[in-house]
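Student: Next comes the sequence, and after it the predicted model I'd like to discuss.
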Amino acid sequence: MRNIGLAKRFVAHHLAHPEVWKAYELLALETISSGRENFGVGALTEMLRWDKSDLGEPASGYKLTNDFRAFYARLFAHSHPEHAELFRYSESAADYVDYACLLCGDIEGALGWVDPQLSLPLETEVM
């Protein structure tokens, strides 16, 4: 499910609003420290959207779209592989972003996705 338009919008949003990623990251880590092993990125989004966090600073002011939730979940899993199981994942356009490149500010690398289907060896039947 590749949606390069959505991936481009997320990358642009991430670069323009790094404070949103930091808020997601801090809230996810806070959730883990409270003892949760699984949580929903949708719940985190709502907590940030409606200022329900206990981060010490107000989380209000973020204009969050649900379109980017899967991207933030995968960005968190990439940044904190020891907590990658916090969220459950379904196939998404977010699977096609290179998060290592994104965190380094390499926009072209972040979106320079190669279709894994194209890199598989072709099976040929020998008769």
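Tutor: Here it is on my side, so go on.
Student: ok now do residue 66, which residues does it touch?
Tutor: 42, 45 (C-beta atoms under 8 Å, 6 or more residues apart in numbering). (C-beta placed from N, C-alpha, C; glycine too.)
Student: how near is it to residue 92?
Tutor: 12 Å (C-beta to C-beta, to the nearest Å).
Student: what does the model give residue 87 for pLDDT?
Tutor: With respect to pLDDT, residue 87 has a value of 93.
Student: Quick check: closest non-adjacent residue to it.
Tutor: The shortest distance from residue 87 to any non-neighbouring residue, by C-beta to C-beta, 6 or more residues apart in numbering, is to residue 73 (4.3 Å).
Student: CA atoms only for the helix or strand where that neighbour lies, dumped as CSV, please.
Tutor: Element membership of residue 73, judged by DSSP states H and E, is helix 69-79. Output of helix 69-79 as CSV, limited to C-alpha atoms (Å, rounded to 0.1, in the frame of the first residue of the first chain):
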residue,chain,number,x,y,z
ARG,A,69,-0.5,8.3,13.3
ALA,A,70,1.1,5.2,11.6
PHE,A,71,4.1,7.2,10.6
TYR,A,72,4.7,8.4,14.2
ALA,A,73,4.2,4.8,15.5
ARG,A,74,6.9,3.5,13.1
LEU,A,75,9.2,6.5,13.8
PHE,A,76,8.9,5.6,17.5
ALA,A,77,9.7,1.9,16.8
HIS,A,78,12.7,2.9,14.8
SER,A,79,14.0,5.4,17.4
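Student: and that helix, what's its mean pLDDT?
Tutor: 96.
Student: now for the next helix or strand after that helix, which elements pack on it?
Tutor: Proceeding N to C from helix 69-79, the next assigned helix or strand is helix 99-103, under DSSP H and E. In terms of contacts (3 or more C-beta pairs under 8 Å, 6 or more residues apart in numbering; DSSP states H and E), helix 99-103 is packed against helix 69-79, helix 107-111.
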